[in-house]
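Asks: structure, please.
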Amino acid sequence: RSSDLGRISQVLGILLLLNPFWVQPCFAKIIDRSKFCYETLKIILILVSAGIFIFLSAYSMPNVWLWFLGKNYQASGAELPIAVGSMILYSCSAVLYTISISRNATKGQSWCVILGVSFQIVFLWAYGITTVSDALFVGMLPATGSLIVQVVIISNLILRWNYKEQ
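Replies: Below you'll find the model as predicted:
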């Protein structure tokens, strides 16, 4: 069941195909720190707004989502917001990762794995997995770790912006 709900990421993940064709080239061309900050903030606001809208739609209108996904998903209404939340976190992390690599900010990316696995270990130690919701939540933790790392890397990039190297 959790792998079925995980397929929701594939449905909306198609939008992430824009990353190498729009996000990366756009951010790679920026040479001004203030423009980079503005464009990054704009992208973050778009991601947060879209994420809130998508999450609220999954929470308040699960039948629309479940109808769209097909009859095999009809009994999955309770887990739907968790699966959609996971997709939102992975998508946001992927877009911020694209922004990071567009500026050659690759140092520290290994922390995504370290944080994600650590979060999972702590969750498994504290709660274990007894329900589909637990399994979906454990699957969400690496995205949370990756998102945290991308925010730190981009923040560090902005704080240490060197005009001569850009």
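Asks: give me the element the nearest residue to residue 30 once chain neighbours are set aside is part of.
Replies: Spatial nearest neighbour of residue 30, chain neighbours left out: residue 36 (4.7 Å); criterion: C-beta to C-beta, 6 or more residues apart in numbering. Heads up, the C-betas are built off the backbone N, CA and C, glycines and all. Per DSSP states H and E, residue 36 falls inside helix 33-60.
Asks: re the thing from before, pull up the gap between the residue nearest to residue 30 and residue 159, please.
Replies: Distance, residue 36 to residue 159, using C-beta to C-beta, to the nearest Å: 12 Å.
Asks: look at these two and report which has more neighbours.
Replies: Of the pair residue 36 and residue 159, residue 36 is the one with more neighbours under other C-beta atoms under 10 Å, namely 20 against 8.
Asks: is it correct that the more buried one is in contact with residue 154?
Replies: No: applying C-beta atoms under 8 Å as the test, residue 36 and residue 154 come out as separate, 9.1 Å apart.
Asks: if we can go back for a sec, and the helix holding residue 36, how far out from the chain's middle?
Replies: 11 Å (C-alpha atoms, centre = their mean, to the nearest Å).
Asks: tell me the angle the following helix or strand past that helix makes with helix 33-60.
Replies: Once the chain leaves helix 33-60, the next helix or strand it forms, by DSSP H and E, is helix 62-69. If you take axes from the mean of the first three to the mean of the last three C-alpha atoms, to 10 degrees, helix 62-69 sits at 100 degrees to helix 33-60.
Asks: which SSE is immediately downstream of helix 62-69?
Replies: Where DSSP H and E defines the elements, the next helix or strand beyond helix 62-69 is helix 80-102.
Asks: how far does that following helix sit from its chain's centre?
Replies: In terms of C-alpha atoms, centre = their mean, the centre of helix 80-102 is found 1 Å from the chain centre.
Asks: avg pLDDT for the next helix or strand after that helix?
Replies: Sequence order places helix 111-126 as the next helix or strand after helix 80-102, per DSSP H and E. Average pLDDT, helix 111-126: 95.
Asks: just checking, what packs against the helix holding residue 36?
Replies: Under the contact criterion of 3 or more C-beta pairs under 8 Å, 6 or more residues apart in numbering; DSSP states H and E, helix 33-60 touches helix 24-28, helix 62-69, helix 80-102, helix 132-159.
Asks: what's the closest of those to residue 17?
Replies: Each of the helices and strands packed on helix 33-60 has some distance to residue 17 by C-beta to C-beta; the shortest is helix 80-102, at 10.5 Å.
Asks: and the closest one, what does it pack against?
Replies: Against helix 80-102 (3+ C-beta pairs under 8 Å, 6+ apart) you get helix 2-6, helix 8-12, helix 24-28, helix 33-60, helix 62-69, helix 132-159.
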